Each structure stands twice: as structure tokens, then as C-alpha cells.
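Undergrad: Next one to model:
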Amino acid sequence: MIEVLIILSRDSRPELKICGVPVIVRIVRALYNAGLRDIIISDGEHLEKIKRIFSNGEKLGLNIRYDLDDIRGDAVIILSSKILIDEKLVEELIKQQPNTLFTIKDNDKEIPVAALIKSEEVSKFIPLFEEQDTMNFRKIAEEYGLNVIRIDQIKVYYDYLRRHLELLAIPVRNEKECKEAARVLVSRTQKGLHIFASVNRFFENALVRIFCNHTWITPNRVTILSNITAYLTALLFILQRPYLAIIMGFITAILDGTDGKLARVRGILTKLGKIEHSFDMLFEQIIYVSWIYYVYTVTNSLLTLILGLVFLVSDSFTRHIYMQFRISTGKNLLLMSRIDRIIAKIDGRRNMWFLYMLIGIITYPFYGLILMLIHSIATSTVYAIRAIYHLRRIDIEQGTKSWMDIIYKS
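TA: Predicted coordinates for the structure are as follows:
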């Protein structure tokens with residue numbers, strides 16, 4: 001069993017907040033996400049405040065103690081309250097052999113981040129996380145034969161972000177460093193692959209930086225706001241106010257990207273938040289129907305309604321392929337290969353449809369609908385082909401195809 005010892009360093013202020021969440025809460029949450037439940041917090045200047053936050057940790061599914069002599073595990077992870085980490089760093093450390101130390105470069109110094117130590121040797125290494133002199137740190141590490149690993153350049157894959165990132169380890173000893181940590185956390189929340197994601201992120205990140213310090217602004221409330229603006233978008237199309245509708249549509253798109261980022265920057269991703277995607281699909285389809293109605297009022301042509309219906313079916317088919325592939329394989333179709341990643345950057349989706357709507361409003365609405373239809377059919381066709389290709393390859397790799405050959409040919 002692995003336990004965790006958090007050292008309340010003399011130069012740390014674990015009660016400082018980063019994006020509305022105290023440093024110590026972020027550290028403990030990272031440990032929880034990494035599957036560690038037994039935590040010991042050392043004595044220090046801010047211990048009483050920390051006790052008021054966590055107590056014994058029972059309500060959080062944790063066993064938190066405050067006695068350094070109460071170590072019960074076979075190995076101990078030692079952390080400092082002055083370094084912000086996440087669960088990926090903890091998971092990487094657990095993979096190492098005992099007596100391994102992770103370090104980072106802090107200005108011109110190398111400082112310890114976390115160590116995996118045999119329980120009977122913990123007392124030897126506690127000074128590493130209290131000592132500020134770099135030479136003494138290296139001396140202690142070498143004296144006791146620690147395997148020192150610099151983690152600055154180690155990258156790991158974050159599933160929920162769909163990309164590789166460096167392990168998170170940031171000094172947070174004062175308000176200035178906490179502000180820098182907040183900037184880094186916000187920059188790490190981006191997960192979109194589409195070309196429009198690169199445009200929207202500037203607005204989304206700006207909103208996240210504003211919202212995150214106000215705890216009453218929750219991701220779910222931002223989701224509700226994005227739904228309200230979405231239905232206003234549809235209403236404005238119906239009321240023949242296309243320019244206002246497009247503006248409201250882009251606001252909806254930015255808010256829809258902000259709620260997830262706000263959840264990620266606060267370190268809390270809930271099951272309830274997943275249902276947002278269903279409501280996204282609902283309001284998107286209503287917006288598209290209202291746009292088709294607007295185009296019909298301009299053209300007064302039955303062809304507009306027919307082509308609009310084809311677009312709706314094609315767009316829904318694309319989403320169903322994407323979701324069915326994930327259900328069948330547990331994998332993201334957009335990330336299966338380099339080709340799929342390129343396709344994901346230019347496929348047809350909501351922001352692209354808003355662009356085509358704008359083009360149609362400026363020129364002639366029917367042209368915008370035609371552009372949407374062509375891109376939608378192309379997207380659904382390509383995704384269907386790619387999904388079939390990957391699913392067939394998986395069947396071959398798992399031996400299912402060979403069994404089919406025997407069954408049908410015997």
C-alpha cells in the first residue's frame with residue numbers, strides 16, 4: 001500500500017487560491033484522482049486551516065491524518081505544498097521504483113517535486129522538501145542513492161484533452177506564482193482539434209480567466225447560459241433578424257467551449273456535465289431548423305425545405321457515427337490516426353455552419369445552405385468510410401474476421 005505525505009513547507013501558502021481553488025485542495029484532489037486515499041499532512045503554519053477544510057477526509061472518501069509517526073504503508077509518496085501537481089504526475093511516479101525523486105528547474109535551481117520512498121526511510125528524505133539550498137539538496141539525494149529524474153521534458157497523454165502535455169509541476173509559493181499557475185492551467189484546457197478551436201480559444205480563455213475566480217459562476221450555469229443564447233439564436237432567425245442571430249450564434253459557440261474549460265481548470269469533471277452534449281445536439285438542431293425556415297422565407301421554394309432536410313439527416317448521421325464508434329471501441333474516431341486528426345481540423349460542424357450562414361446572409365441565403373449541405377455530406381461520407389476501415393481492422397486484429405471466414409466457408 002502506498003501512502004502520501006504532504007510537507008507544509010515553510011515558504012508555502014497552501015491556502016492561496018488558483019482559479020478559485022486552494023492549492024492544497026488541488027493537490028489532494030490530484031491524489032484522489034490517482035487512486036490514493038491514505039494521506040498524512042505534516043505540521044505547519046497553515047495546518048489548522050487545512051484541518052477545517054478536510055477534517056479526517058471521510059466525506060471525500062479519504063483517510064487523512066496529521067501525525068508523521070502514523071505511517072502504515074509499504075511505500076510513501078512525499079510531496080511539498082509549494083508545488084502544484086496533477087494526477088498524471090502522481091501516476092507516473094507510482095510506476096517508478098522506490099527511492100525515486102522527481103525534480104524540476106525553478107529559475108536557476110533544481111528543486112524536488114515528489115518522491116517515492118520506502119516507508120522505513122521516510123524520515124531521511126523529509127529535509128529534501130524543506131531545505132532551500134540547492135547544494136544541500138543534491139548532497140542529500142546523492143548520499144542516499146536517490147534516482148533523480150528531471151520531469152520538465154516528460155510528456156504524457158491526457159485522454160480528456162486529446163493530446164500530449166508536459167507533466168504539471170509548478171511552484172506556487174506566493175500570489176505571483178499562483179497567477180502564473182492559473183495562466184498555465186487555462187492554457188492546458190484546450191482540447192478542440194478543429195481550425196475554429198484555435199480562433200475561439202482566445203475568447204474562451206479570456207472568459208475562463210474572468211469566471212474562474214468567482215466560485216458562484218459554475219460550469220453548469222455557463223451551460224445554461226449557452227442554451228439560452230442558442231434558443232435566442234433560433235428565435236432571431238425566425239424573426240428575420242439574421243445578423244443578430246449570427247452574432248448570438250457565435251456567442252453560443254464561445255460559451256459552449258467555456259463551460260468545459262472552466263470545469264477542467266477547476267479540476268472537477270462530473271458525470272452530470274456529460275449530459276451537456278445531448279442538450280448541445282438539441283439546440284444545434286433547433287438552430288439549423290430555424291435557419292432553414294429563414295432561407296425558405298427568402299426563397300419561397302420547396303427545394304429549400306428538401307435540401308434542408310437532407311442537411312439535417314447528414315449532420316445527425318455524422319454525429320451518430322462518431323458516437324457509435326466510441327461506444328463500440330472505447331476510442332475517439334478523430335484520434336485514430338494522423339489522417340483522422342487532419343480530417344477533424346476541417347470537418348463540418350457548428351462553427352463552420354455559422355460561417356456558411358454568414359456567407360449566405362451577406363450574399364444569398366440559399367448559397368449558404370448549399371455550402372452547408374455539401375460540406376455535411378462530405379463529412380458524413382468520409383467519417384463513414386474511416387469508421388468502417390478502423391472497425392474492420394480491429395476485427396482482423398482481434399481474430400473476429402478469421403472466425404467469420406471459418407463460419408461462412410465451412
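Undergrad: residue contacts, the closest residue to Asp315 other than its chain neighbours?
TA: Nearest residue to Asp315 in three dimensions, chain neighbours excluded: Ser376, at 5.1 Å (C-beta to C-beta, 6 or more residues apart in numbering). Bear in mind the C-beta positions are built from the backbone N, C-alpha and C, glycine included. For Ser376, the contact set (C-beta atoms under 8 Å, 6 or more residues apart in numbering) comprises 311, 314-315, 318, 348.
Undergrad: Going by neighbour count, which residues of the helix or strand hosting Glu177 are buried?
TA: For Glu177, the host element (DSSP states H and E) is helix 175-187. Buried residues in helix 175-187, counted by 16 or more other C-beta atoms under 10 Å: 177-178, 181-182, 185-186.
Undergrad: Can you identify the element that follows the helix or strand of the chain with the lowest mean pLDDT toward the C-terminus?
TA: Across the helices and strands of the chain, mean pLDDT, DSSP states H and E gives its lowest value to helix 134-143, namely a mean of 67. Tracing the chain C-terminally past helix 134-143 and defining elements by DSSP H and E, one meets strand 147-150 next.
Undergrad: Kindly list the longest helix within the protein.
TA: Secondary structure assigned by DSSP state H gives helix 365-397 as the longest helix of the chain.
Undergrad: Check whether Ile78 sits in a helix, strand or coil.
TA: Three-state assignment for Ile78 (DSSP: H, G, I helix; E, B strand; the rest coil): strand.
Undergrad: Count the neighbours of it for me.
TA: 23 (other C-beta atoms under 10 Å).
Undergrad: Quick check: bridge partners of it?
TA: Taking DSSP bridges as the rule, Ile78 bridges to Leu5, Ala115.
Undergrad: roughly how far apart are it and Ser290?
TA: 58 Å (C-beta to C-beta, to the nearest Å).
Undergrad: do Leu334 as well
TA: For Leu334, the distance to Ser290 - C-beta to C-beta - is 28 Å.
Undergrad: Identify the residues contacting Ser9.
TA: Ser9 sits in contact with 44, 80-82, 129-130, 173, where contact means C-beta under 8 Å, 6+ apart.
Undergrad: Dump these to a markdown table, plus neighbour count.
TA: Listed next are the contacts of Ser9 as a markdown table, based on neighbours: other C-beta atoms under 10 Å:
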| residue | neighbour count |
| --- | --- |
| Gly44 | 18 |
| Ser80 | 26 |
| Ser81 | 25 |
| Lys82 | 24 |
| Phe129 | 26 |
| Glu130 | 15 |
| Arg173 | 20 |
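Undergrad: can you tell me which of these lies nearest to Gly61?
TA: Relative to Gly61, the closest of the contacts of Ser9 is Ser81; by C-beta to C-beta it sits at 21.1 Å.
Undergrad: Can you read off the pLDDT for that closest one?
TA: Ser81 carries a pLDDT value of 89.
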